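1. all I have is the shape, not the residue letters:
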DNA sequence: TTTCTTTTGTTGACATATCAACTATTGATC
DNA sequence: GATCAATAGTTGATATGTCAACAAAAGAAA
């Protein structure tokens, strides 16, 4: 079977990137409109910490597929805003337990509905089957690429 | 219908972002291993220019969903590598016709097979129906979010 | 225990994403 | 034609993504 020349718009990975961009841009505009004062990337970290705290920065990097350097810097910003804290671990001075502050928990609780609305809007008009199929296909692609 | 609490891993947009990251990281590792000397983002711009040249930077920003500022800087890098040129337009001193140089065309031609292999690997084991379904679903999500 | 290796996190450097401010030019209105 | 508004591109500032170099600490090996 020959490999057809394909316009870049028809390439699956390009469409995935495009969808990701559209979604992030939409979400950030909503965040800005509602004056949340954080970026989408920061929100995702907050949400992961909320779900899995306490966890180390290494675990946070793994969960979010980010570089440890990104985690360090984003946590610095979130700490400056008062939403997260690095707690020293007794008997281990090499890593920290990252967790939400009271203000951080309140912030997530307050704005989770907004984020949920965005999620629901993104899959509006899609059947449950379609959504499950999408998740399955995405996971297969990730596995193909060693993710 | 109530809105269930969902772990972030189960959120469609999170999986799309994750797939995008896995794909970019895989592609960049391959580029580095083969010493292409460019980033994945630069490759995508090159490919768009190859397909649509001559085009303005504004059009390039639209096609790639990037900010004009990103286009300026990435084009500067690609121009320094000798792969693209900004050609003044007769009778219009406000915009440029962006196009590939001879070296740029040769570069794309030389490395396109590598990129195609990556694309094929990414959809390995997926049926044609599955791929089409994925494209359709992604486009619906983009439309839902105004993209 | 002392030395060597690995792990965790930070920092520096560069590319990219984004917004805002700015310049130059073009188009529109008077 | 002169003035004003819109457009194309650039630059600055800040956040993020990534790699490499690094420091401190923990674990392994001698």
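-> Okay, I see it. None of these values were measured; they are calculated from a predicted model.

2. tell me the contacts of the most centrally placed residue in chain A?
-> Of all residues in chain A, the one closest to the mean position by CA atoms, centre = their mean is residue A:44, 3.7 Å from it. By CB atoms under 8 Å, 6 or more residues apart in numbering or on different chains, the residues touching residue A:44 are A:64, B:8, B:14. The C-beta positions use only the backbone N, C-alpha and C, and glycine is treated the same way.

3. from those, pick the one nearest residue A:108.
-> residue B:8 (11.5 Å; CB to CB).

4. just checking, the closest one touches residue A:47?
-> Yes - contact status for residue B:8 versus residue A:47: in contact at 5.3 Å, counting by CB atoms under 8 Å.

5. show me what from chain A comes close to DNA strand C.
-> Within chain A, the positions near DNA strand C by CB under 7 Å from any atom of the strand are A:21, A:24-25, A:28-29, A:32, A:56-58, A:68-69, A:71-73, A:75-76, A:86, A:94-96.

6. buried only: go through the residues you listed for me.
-> The neighbour-count test (16 or more other CB atoms under 10 Å in any protein chain shown) marks A:21, A:24, A:28, A:56, A:57, A:71, A:75, A:86, A:96 as buried among those.

7. could I get those residues as CSV with distance to residue B:113, pLDDT and secondary structure?
-> CSV is the format used below for those (distance: CB to CB, whole Å; pLDDT from 0 to 100; DSSP: H, G, I helix; E, B strand; the rest coil):
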residue, distance to residue B:113, pLDDT, secondary structure
A:21, 27, 96, helix
A:24, 31, 96, helix
A:28, 37, 96, helix
A:56, 42, 97, coil
A:57, 39, 98, helix
A:71, 36, 98, helix
A:75, 41, 98, helix
A:86, 47, 97, strand
A:96, 46, 95, strand
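
8. now the residues you listed as CSV including distance to chain B?
-> Output for these, formatted as CSV (distance: CB to the nearest CB, whole Å):
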residue, distance to chain B
A:21, 5
A:24, 8
A:28, 11
A:56, 18
A:57, 17
A:71, 14
A:75, 17
A:86, 21
A:96, 21
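
9. from residue A:66, how far off is the residue nearest to the centre of chain A?
-> According to CB to CB, to the nearest Å, residue A:44 stands 9 Å off from residue A:66.

10. follow-up on the earlier one: compare the contacts of residue A:44 and tell me which has the most neighbours.
-> Counting neighbours by other CB atoms under 10 Å in any protein chain shown, residue A:64 comes out on top of the contacts of residue A:44 with 22 neighbours.

11. tell me the contacts of that residue?
-> Taking CB under 8 Å, 6+ apart as the definition of contact, the neighbours of residue A:64 are A:44, A:45, A:48, A:71.

12. tell me which entries of these lie within helices.
-> Counted as lying in helices by DSSP state H, out of the contacts of residue A:64, are A:44, A:45, A:48, A:71.

13. just the contacts of residue A:44: which are in helices?
-> With helices identified by DSSP H, the entries of these that belong to them are A:64, B:14.

14. of the contacts of residue A:44, just say which sits nearest to DNA strand D.
-> Closest to DNA strand D out of these is residue A:64 (7.6 Å), distances taken as CB to the nearest atom of the strand.

15. show the pLDDT at the closest one.
-> Residue A:64 is assigned a pLDDT of 94 by the prediction.

16. again, but for residue A:10
-> pLDDT, residue A:10: 84.

17. you'd agree residue A:126 is in a strand?
-> No - counting by DSSP: H, G, I helix; E, B strand; the rest coil, residue A:126 is located in no strand; its state is coil.

18. and it, what is it in contact with?
-> Taking CB under 8 Å, 6+ apart as the criterion, residue A:126 is in contact with A:134, B:137, B:140, B:141.

19. for residue A:15, grab the count of nearby residues.
-> Using other CB under 10 Å, residue A:15 has 21 neighbouring residues.

20. how close does it get to residue B:45?
-> Going from residue A:15 to residue B:45 by CB to CB gives 17 Å.
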